[in-house]
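Novice: next comes the sequence, and after it the predicted model I'd like to discuss.
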Amino acid sequence: MNKSILLTALAVLLVAGCAGVELPFQQITTTAIGGAGMVITDFSADPTTVNSNSNVRVMMTVSNKGGAPVPDTSSLVYLTGSAISLSDTTGTYWHSSTETSQFKHFGKTMNPEDTVRGTPADEKMITWSLTAPNATRSDIFIGRVYYDYQTSVTGTVWVYSQSESDAARAAGRTLNKATLSATSGPVALTVKTSPDPVVLSTGENTFAMTIKVSNVGGGALYKVGAVTYTSGSEDITLTTDELNRVDIAVSAPGMTVAGCTGEQELVAGKDITLSCDVTITSPPTTFQGYPVTVTATYGYNAERTASVTVQKR
């Protein structure tokens, strides 16, 4: 390919990302990414069959498989189960002479994979050392991770005047459609405009946008601020009014968005679709791309289980 032609094509693609710049008509693919946030990649006990009063090591490995960093101040891990009491001296429960809390922390910000810098997702193993009860039975351990997270969709929404749309179609040119991409997380966002692209008749300045919110991480979401992550003061008690809550924010320069922001409830954890009323401050005389960012902020909890069989001596 001629070098000047190649450079021209690259320049057009680069300019396409700039909001408010008029471009030749083109069709752009919308990209969405799914993910799972902070993932418990392994949860196990070693050994899985022990004699009473013997030691067992419970291990949890967590990796940030999503698209947002998780500060240590906004996360914790928790070990629970069918019979754990760290301070027990009766031999009835799993106990420990070294562990003082079922809560633990990562001790660092857990960053996701950075494909630009070539760095992998942060991963950390957390362990608890326990002593088996003086009994013969099988017990279940549950490992949980609690954290605050954020999923966002960013891109450009294209708006045309009716006359510009008619002229383009008459000339056989394709109208630009919304270019939107999502970060990965346990809560997925799907954003659409109606119509796409937006075509406004003379005197019109409004259109509709929908935001679908889905729990795709296999865990439970909750309102940010409902869990206390502070070391020594941890509190993971969640009320009905705090479960299945997500906060939605929309940034759209040159437009106002109403009817779909603020705290939202995913009833019984099921998907919800929010309808937004979008008003353009100054509709274009021809066509224009408007930048849009939709952000979901939420707390999330995922868990895994492991079992150990105790044999009385």
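Specialist: Alright, I've got the coordinates. Numbering: from 1, shown residues only.

Novice: remind me which residues of the stretch 101-250 of the chain are low pLDDT?
Specialist: For the stretch 101-250 of the chain, no stretch has pLDDT under 70.

Novice: what's the burial count for Ser52?
Specialist: 16 (other C-beta atoms under 10 Å). Using the backbone N, CA and C atoms, a C-beta is placed for each residue, glycine as well.

Novice: what sits against it?
Specialist: Counting by C-beta atoms under 8 Å, 6 or more residues apart in numbering, Ser52 touches Gly91, Ala132, Pro133, Asn134, Ala135, Thr136, Val310, Gln311, Lys312, Arg313.

Novice: and Thr131, by the same measure?
Specialist: Asn53, Ser54, Asn55, Val56, Trp94, His95, Ser96, Ser97.

Novice: ok, now which ones touch Tyr93?
Specialist: Contacts of Tyr93 (C-beta under 8 Å, 6+ apart): Ala83, Ile84, Ser85, Pro133.

Novice: give me the buried subset of these.
Specialist: With burial judged by 16 or more other C-beta atoms under 10 Å, the buried subset of those is Ala83, Ile84, Pro133.

Novice: quick revisit: just the buried subset of the contacts of Thr131, written out for PyMOL, thanks.
Specialist: Burial among those is assessed by 16+ other C-beta under 10 Å; the matching PyMOL selection reads:
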select buried, resi 56+94+95+96
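
Novice: can you add pLDDT, secondary structure and distance to Ser194 and give the contacts of Thr131 back as CSV?
Specialist: Shown next, in CSV, are the contacts of Thr131 (pLDDT from 0 to 100; DSSP: H, G, I helix; E, B strand; the rest coil; distance: C-beta to C-beta, whole Å):
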residue, pLDDT, secondary structure, distance to Ser194
Asn53, 95, coil, 66
Ser54, 96, coil, 63
Asn55, 96, strand, 61
Val56, 97, strand, 57
Trp94, 97, strand, 56
His95, 97, strand, 60
Ser96, 97, coil, 58
Ser97, 95, coil, 63
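
Novice: gap between the one residue sitting closest to the centre of the chain and Ser251?
Specialist: Central residue of the chain (C-alpha atoms, centre = their mean): Gly185, 2.6 Å from the mean position. Using C-beta to C-beta, to the nearest Å, Gly185 is found at 18 Å from Ser251.

Novice: for Ala36, same thing?
Specialist: Per C-beta to C-beta, Ala36 is found 25 Å from Ser251.

Novice: more neighbours: these two, which one.
Specialist: A side-by-side neighbour count of Ala36 and Ser251, using other C-beta under 10 Å, places Ala36 first with 19 against 13.

Novice: isn't the more buried one up against Val216?
Specialist: Yes. Using C-beta atoms under 8 Å, Ala36 is in contact with Val216, at 7.4 Å.

Novice: and the strands in the stretch 201-313 of the chain, which stretches?
Specialist: Using DSSP state E, counting those that start in this stretch, the strands of the stretch 201-313 of the chain run over 206-215, 220-222, 245-251, 255-258, 262-265, 272-280, 287-311.

Novice: among those, which comes closest to Met110?
Specialist: Of all those, it is strand 287-311 that lies closest to Met110, at 12.9 Å by C-beta to C-beta.

Novice: report all helices and strands that the closest one contacts.
Specialist: strand 38-46, strand 49-51, strand 55-64, strand 137-161, strand 187-194, strand 206-215, strand 220-222, strand 245-251 (3 or more C-beta pairs under 8 Å, 6 or more residues apart in numbering; DSSP states H and E).

Novice: export those strands to TSV and tack on distance to Ser275?
Specialist: Listed next are the helices and strands packed on strand 287-311 as TSV, based on distance: least, C-beta to C-beta, whole Å:
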stretch	distance to Ser275
strand 38-46	31
strand 49-51	56
strand 55-64	32
strand 137-161	15
strand 187-194	9
strand 206-215	6
strand 220-222	21
strand 245-251	12
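
Novice: re the thing from before, which ones among the buried ones among the contacts of Tyr93 lie within helices?
Specialist: Assigned to helices by DSSP state H, none of the buried ones among the contacts of Tyr93 qualify.
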